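In: This is the structure alone, sequence omitted:
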C-alpha cells in the first residue's frame, strides 16, 4: 500500500506522529560518571532524527541510580541541577529540531542490574536470574514501602522528561526489568497485594501509569512497553498479556509497544523457535511476516483500543506496509539496523531502499555448536551478548561523529565492551 509509511498517526491524547516508523529503544551507555546526559547523546540522537523516523525512544533512563541496567545509563532519581536539566533539554532538542519526536523510556532494572553496579539488586521476590557466568547477584525482595517509592520515582522522572522537552514517555514493563518481573509469577512469588493473581501482579504497572498520567496531564503522550510473553513455562504468557492490555485501555495509554522475552529468554534478540505454536503459524502464512511479535500483536489488537507498535524483526518496506495495512500494528519499530544505517527510515519511506540487511543473522562467535542456534546455555548467552556488542560499538561510533562499521569481530568487541563497562562502573559517582 503506497504511502502508508508516510501517513501521520494521531494518538488518543491528541499528539500526532509524522510517520509510521519509530526508532525503537536501545541502551546507549553514553552517560558520564554522574549518570548525566552528554554531548554524545546530542550527536547520536540528531543523526538518528535526521534519518527520518517520526519518533524515537531513548534507551533505558533509570529511575533509581542504585539499580542500573548498565553503568552508562542516564538517571533521573532526585532533584536535578541546572546543568543536568540543561543536558536533558539539549538531548531532547537535538531530536525535535531535526524533525523527530523523542520519548523518554523510563525503567527500573530490578534483578537485571548487573553485579558491577548492584551487589544486591531488588526484585518482587528473592529469585535469582537463571543465567550462567555470575553476572547478576542474588536479589532481595522489595519492601512494601519501597514499592510505593518506585511509583513516586517513575512519576518524578516523567515530570522531568516533560519539563526538559521530551515529547512523551514510555514506561518499560517488558524484557525482564522490574515491572516485567512483577508481572511474571516465576519471579513474583509474593503473597501480599502485589503478588498472586494477575490483577495483583499488574498492580504496580497500573499504579505507575495512573500516577504518571495524573502528573503529566491529559495531553502528554504515555506509552507502555509490554511483553507478549516471557517465553518461560509458567511465566507471563500471551493470555496474561491480553488481559493486561485490556486493563490498559482505560488507563490513559497512548501507545502500546509489543515485545517479548527477558535476559533468561532473549526473544527480543531474534532467538528462533522459542514458541512453537507461533513459529508454525508463521511458517504457514503466505504474507510477509518478518516481525517476530506480529502474530501476538494481532491477538492483542482484538482487545487493545490504543495504537500498537511492534518492534523486532522489521527490515523491509513491504513487511512494514503489510503489517500496518493489515491492521496488526500502527507503528513499526526498528532499532538495530539504525546502528549501522541511521538514514534507513528516509530511504525506506522514499522507496530508495527495499530492505535493510539483518546484520545480526550474520554474526556469531564461531561455527557449529558455537553458532547462533547453539543450545549450550553459556554459548547461547555469549552469542547474544556478543552480537549486542557489535551494535553497541556502532552506537559509540555514531555518537562520536564517525561512520558505522558493517563488520566487526564480535568476540573481541564483546571483551572490549566488558572491560569498558567494568571501568565505567568503577568510575561511577554515587
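Out: Done, it's in. Here the structure is a predicted model, which is why all the values come from computation and not from measurement. Numbers count the residues shown, from 1 in each chain.
In: Not counting sequence-adjacent ones, nearest residue to residue 138?
Out: Nearest residue to residue 138 in three dimensions, chain neighbours excluded: residue 128, at 5.0 Å (Cβ to Cβ, 6 or more residues apart in numbering). The C-beta positions use only the backbone N, C-alpha and C, and glycine is treated the same way.
In: ah, wrong one, I meant residue 170
Out: Nearest residue to residue 170, sequence neighbours excluded (Cβ to Cβ, 6+ apart): residue 223, at 4.0 Å.
In: quick one: secondary structure of that neighbour?
Out: strand (DSSP: H, G, I helix; E, B strand; the rest coil).
In: doesn't residue 103 make contact with it?
Out: Yes - between residue 223 and residue 103 there is a contact at 6.3 Å, judged by Cβ atoms under 8 Å.
In: Give the other helices and strands that whatever helix or strand residue 179 lives in contacts.
Out: Assigned by DSSP states H and E, residue 179 belongs to helix 178-183. Contact here means 3 or more Cβ pairs under 8 Å, 6 or more residues apart in numbering; DSSP states H and E; on that basis helix 178-183 packs against strand 122-123, strand 168-173, helix 198-201, helix 203-216.
In: What lies in contact with the last one?
Out: Spelled out, that is helix 203-216. 147, 150-152, 154-155, 158-159, 162, 169, 171, 173, 179, 182-183, 193-194, 222, 224, 244, 247-248, 251-253 (Cβ atoms under 8 Å, 6 or more residues apart in numbering).
In: Kindly report the same for the second one.
Out: The contact list for strand 168-173 (Cβ under 8 Å, 6+ apart) reads 15, 25, 55, 57, 60, 101, 103-107, 154, 157-158, 161-162, 179-180, 183, 205, 208-209, 212, 216, 220-227, 254-255, 257.
In: same thing but at 7 Å, please
Out: If you take Cβ atoms under 7 Å, 6 or more residues apart in numbering as the criterion, strand 168-173 is touched by 15, 57, 60, 101, 103-107, 154, 158, 161, 179-180, 183, 205, 208-209, 212, 220-226, 257.
In: low-confidence ranges in the stretch 1-150 of the chain?
Out: With pLDDT under 70 as the threshold, the stretch 1-150 of the chain has low-confidence stretches at 1-2.
In: Break down it into its strands, ranges please.
Out: Counting by DSSP state E, counting those that start in this stretch, the stretch 1-150 of the chain has strands at residues 9-10, 16-17, 21-23, 55-57, 61-62, 74-75, 101-107, 122-123, 140-141.
In: Partner strands of the fourth one and their direction?
Out: Strand 55-57 pairs in its sheet with strand 21-23 (parallel), strand 101-107 (parallel), by DSSP bridges.
In: Make a markdown table from those strands and add distance to residue 387 and mean neighbour count to it.
Out: Output for these, formatted as a markdown table (distance: least, Cβ to Cβ, whole Å; neighbours: other Cβ atoms under 10 Å):
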| stretch | distance to residue 387 | mean neighbour count |
| --- | --- | --- |
| strand 21-23 | 19 | 29 |
| strand 101-107 | 21 | 26 |
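In: mind putting the ones you listed in a markdown table, distance to residue 416 included?
Out: Shown next, in a markdown table, are the strands paired with strand 55-57 (distance: least, Cβ to Cβ, whole Å):
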| stretch | distance to residue 416 |
| --- | --- |
| strand 21-23 | 25 |
| strand 101-107 | 25 |
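In: Ok, which of the ones you listed comes nearest residue 10?
Out: For the strands paired with strand 55-57, the distance to residue 10 is smallest for strand 101-107, at 12.7 Å, taking Cβ to Cβ.
In: quick one, strands of the stretch 301-430 of the chain?
Out: Assigned by DSSP E, counting those that start in this stretch, the stretch 301-430 of the chain shows strands spanning 308-311, 331-334.
In: how about these in TSV, adding distance to residue 76 and mean pLDDT?
Out: Below are these laid out as TSV (distance: least, Cβ to Cβ, whole Å; pLDDT from 0 to 100):
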stretch	distance to residue 76	mean pLDDT
strand 308-311	23	95
strand 331-334	23	96
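In: mind putting these in TSV, distance to residue 421 and mean neighbour count included?
Out: Shown next, in TSV, are these (distance: least, Cβ to Cβ, whole Å; neighbours: other Cβ under 10 Å):
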stretch	distance to residue 421	mean neighbour count
strand 308-311	24	26
strand 331-334	25	26
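In: just so I know, which of these lies nearest residue 142?
Out: That would be strand 308-311 among the strands of the stretch 301-430 of the chain, by Cβ to Cβ, at 28.2 Å.
In: Would you mind finding the longest helix in this structure?
Out: helix 377-399 (DSSP state H).
In: Any idea which of the strands of the stretch 301-430 of the chain gets closest to residue 317?
Out: strand 331-334 (9.8 Å).
In: Report all helices and strands that that closest one contacts.
Out: The elements that strand 331-334 packs onto, with contact taken as 3 or more Cβ pairs under 7 Å, 6 or more residues apart in numbering; DSSP states H and E, are strand 21-23, strand 308-311, helix 317-325.
In: Turn those into JSON lines, including distance to residue 198.
Out: Listed next are the helices and strands packed on strand 331-334 as JSON lines, based on distance: least, Cβ to Cβ, whole Å:
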{"stretch": "strand 21-23", "distance to residue 198": "28"}
{"stretch": "strand 308-311", "distance to residue 198": "21"}
{"stretch": "helix 317-325", "distance to residue 198": "28"}
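In: Could you point out which of these sits nearest residue 358?
Out: For the helices and strands packed on strand 331-334, the distance to residue 358 is smallest for helix 317-325, at 11.6 Å, taking Cβ to Cβ.
In: rewinding a little: now that we have the contacts of helix 203-216, which of them are buried?
Out: Neighbour counting by 16 or more other Cβ atoms under 10 Å classes 147, 150-151, 154-155, 158, 162, 169, 171, 173, 179, 182-183, 194, 222, 224, 244, 247-248, 251-253 among these as buried.
In: Helices of the stretch 1-150 of the chain, start to end?
Out: Taking DSSP state H, counting those that start in this stretch as the test, the helices found in the stretch 1-150 of the chain are 39-50, 82-97, 144-163.
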